[in-house]
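>>> Task: produce atomic coordinates for the following.
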Amino acid sequence: MPQYSLYEEEFHPSPWQRTWRAFKESHIAMAGAVLLCVFVVFALFAPLLTPYGVNEQNIDGLLVPPSWTGNGSISHLFGTDSLGRDLFTRVIYGCRVTLGSAFITVVLAMLVGVSLGAFAGMLRGVRSSIANHLPDALMAIPTLLIAIIIVAIFGTGLVNSMWAITLALIPQFVHHTRSLVRTEMKKDYIVASKLDGANKWQLFTYSILPNMTEMLVVQGTIALSIAVIDISALGFLNLGAQSPLPELGAILSDGLDVTYLAPWNVALPGMAIFFLVLSINVVGDGLRSALRKRVNH
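Take a look at the predicted model:
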């Protein structure tokens, strides 16, 4: 027997449901999300997806061309490098190292930068001027240059390069968080919260932080793409990840010696970096547009 509802209730989607609906309307954003999910799967399940060990060498198969060429072998999909290592395996593990390192770097920079930016946005007087102008001065210097200087001081290596890029990204989060907090502090709902006796921590946690979603999404995706590029660049310059660690920039650097003999050793890691950065930027733009549509509606 069919059931009837005595009350006609109107369905109201949650804010995240409205954001997802607006995001799905963009086919380019969905394509970028699918591509980014592929890289995430590579990063998470690299040991299950690769047929060889990451540093396993085959001296009988040096510089084997990719499988789609006439002289290629199906046993090595992307071919091999000058040491006989399977390039497909190296690139998959390279996506894992590069994307994972960039994600950790951005999370650390966001936590520190948002905390310092919120503190700076609530200051007044001379302390506010110092907190305002110092990050702006640091933002005038490219993040890669700051990272190179820090790595030159503390030494090479993937961990040092991650710390260097984290320190280079913090001023961006401080600047944008400080600007947003100063803007929000002038609004009526903040004044009402102050009249109710809320302290600065309660104001930030319960009133300002929920309104920072769009800024954190936009700046987080921008910072993630910057971190991927910088980690790859430092690895390419032999200042970051060191061989035989499979990082995309380091793999690209190793392939330079045999560029004319085996151009796929340079082209394939370079394409992986390009599509990884492209997918992050496309998803970030799609989320920004979806968040703006949600707010406007």
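
>>> from here on, contacts and neighbour counts on C-alpha atoms
Noted.

>>> hey, C-alpha coordinates of stretch 43-50 in PDB?
What follows is stretch 43-50, C-alpha atoms only, in PDB (Å, rounded to 0.1, in the frame of the first residue of the first chain):
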ATOM      1  CA  ALA A  43      50.300   8.100  -5.500                       C
ATOM      2  CA  LEU A  44      48.300   5.900  -3.200                       C
ATOM      3  CA  PHE A  45      48.600   2.500  -5.000                       C
ATOM      4  CA  ALA A  46      52.000   2.800  -6.700                       C
ATOM      5  CA  PRO A  47      53.300  -0.500  -5.400                       C
ATOM      6  CA  LEU A  48      50.200  -2.300  -6.700                       C
ATOM      7  CA  LEU A  49      50.200  -0.700 -10.200                       C
ATOM      8  CA  THR A  50      53.900  -1.100 -11.100                       C
END
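
>>> got a list of contacts for that stretch?
With contacts defined as Cα atoms under 8 Å, 6 or more residues apart in numbering, stretch 43-50 is touched by F42, F88, T89, I92, Y93, C95, R96, V97, L99, G100.

>>> Check what pLDDT A131 gets.
As predicted, A131 sits at a pLDDT of 69.

>>> before we move on, what about L6?
At L6, the model reports a pLDDT of 53.

>>> Kindly report the same for F78.
So F78 comes in at 90 (pLDDT).

>>> That one against S67, yeah?
Yes - shown here, F78 and S67 form a contact pair, counting by Cα atoms under 8 Å, at 6.4 Å.

>>> All the strands of the protein, in order from the start?
Taking DSSP state E as the criterion, the chain carries no strands.

>>> which residue is nearest the centroid of it?
Among the residues of the chain, the one closest to the centroid is L224, at 2.1 Å (Cα atoms, centre = their mean).

>>> Isn't that one up against V107?
No - if you go by Cα under 8 Å, L224 and V107 don't touch, sitting 9.1 Å apart.

>>> what's the farthest-apart pair in the contacts of stretch 43-50?
Between any two of the contacts of stretch 43-50, the greatest separation by Cα to Cα is 18.1 Å, found for F88 and G100.

>>> picking up where we left off before, so between F78 and S67, which is more surrounded?
The neighbour count for F78 versus S67, taken as other Cα atoms under 10 Å, is higher for F78 (24 against 15).

>>> Name the nearest residue to the more buried one, ignoring sequence neighbours.
Closest residue to F78 apart from its sequence neighbours, by Cα to Cα, 6 or more residues apart in numbering: P66 at 4.4 Å.

>>> Distance of that neighbour relative to N265?
Distance of P66 to N265, given as Cα to Cα, to the nearest Å: 10 Å.

>>> Those two: which is more packed in?
Per other Cα under 10 Å, whichever of P66 and N265 has more neighbours is N265, with 29 against 22.

>>> ok, for the more buried one, nearest residue in space, not its chain neighbours?
G255 (4.8 Å).

>>> That neighbour and E56: what is the separation?
Counting by Cα to Cα, the gap from G255 to E56 is 17 Å.

>>> okay, these two: which has more neighbours?
A count of neighbours by other Cα under 10 Å puts G255 above the other of G255 and E56, at 22 against 13.

>>> correct me, but the more buried one touches V266?
Yes - with contacts counted by Cα under 8 Å, G255 reaches V266, the gap being 5.3 Å.

>>> Now for I170: which residues touch it?
A109, M110, V112, G113.

>>> Give the full set of residues in contact with the second one.
When the contact criterion is Cα under 8 Å, 6+ apart, the partners of M110 are I170, F173, G220.

>>> Those residues in helices, which ones?
I170, F173, G220 (DSSP state H).

>>> Give the ranges of residues in the stretch 101-250 of the chain that sit below the confidence cut-off.
In the predicted model, the stretch 101-250 of the chain carries pLDDT under 70 at residues 125-129, 131-132.
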